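**Student:** A predicted structure for the sequence below; I have some questions about it.
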Amino acid sequence: MIRDFVAIDFETANRVRSSVCSIGLVFVKNGIIVDEQYSLIKPYPNYYLADNTAIHGLTPADTNNAPTFDEVWERFEPMVRDLPFVAHNAPFDRSCLIAAHNAYDLYYPDYTFFCTLKASRHKLRGQLPNHQLHTVAAYCGYDLTAHHNALADAEACAHIALKLL
């Protein structure tokens, strides 16, 4: 069971993984949520697909004046430095983090990731109709009413991780 971690979630503007347009981070120490951080991000490349906007509701009007990923990460990196990340469908969020680092020519220190989707498929096999974030969160006692808001999704992931990892 991991007790210290950062739950992370990205929303993207388009199909390019570096096009992160928001990030949510939930910091857990000794099994307790101790901090939450959220930021809009000006995506790279800076365009939105209607399908992505339909999912998370963000548009260019929301992010045109937002900081770029490198500016946001400069603020968050000292907070996450030695903690593992937890994400629901970790390969997606990890690939976004790597792509954004690459887009801004930032050093990527090969962060450790744990996946609550993988854990739910393993530990809750046959107990749920699916393993989507809101379904698993509800099973773990968390009501995810703002699904696809990066901070709300990261918070749901943190609650799942505390039950399943």
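**Tutor:** Yep, that arrived. Everything quoted here is computed from the prediction, not taken from an experiment.

**Student:** For whichever strand or helix holds residue 33, give the mean pLDDT please.
**Tutor:** Assigned by DSSP states H and E, residue 33 belongs to strand 32-40. Across strand 32-40, the average pLDDT comes to 98.

**Student:** need the helices for the chain, in chain order.
**Tutor:** Secondary structure of the chain, counting by DSSP state H: helices at 50-56, 60-63, 69-80, 90-103, 116-123, 133-139, 150-164.

**Student:** who's sitting farthest from the centroid in the chain?
**Tutor:** The C-alpha centroid of the chain is most remote from residue 126, which lies 25.8 Å away (CA atoms, centre = their mean).

**Student:** Check the gap between that one and residue 156 for me.
**Tutor:** 22 Å (CB to CB, to the nearest Å). Where you see a C-beta, it was placed from the backbone N, CA and C, and this is true even at glycine.

**Student:** likewise residue 10?
**Tutor:** From residue 10 to residue 156 the distance is 14 Å (CB to CB).

**Student:** Count the neighbours of residue 50 for me.
**Tutor:** Residue 50 has 9 neighbours, counted by other CB atoms under 10 Å.

**Student:** on that earlier part again, check which helices and strands the strand holding residue 33 is in contact with.
**Tutor:** strand 20-29, helix 69-80, helix 150-164 (3 or more CB pairs under 8 Å, 6 or more residues apart in numbering; DSSP states H and E).
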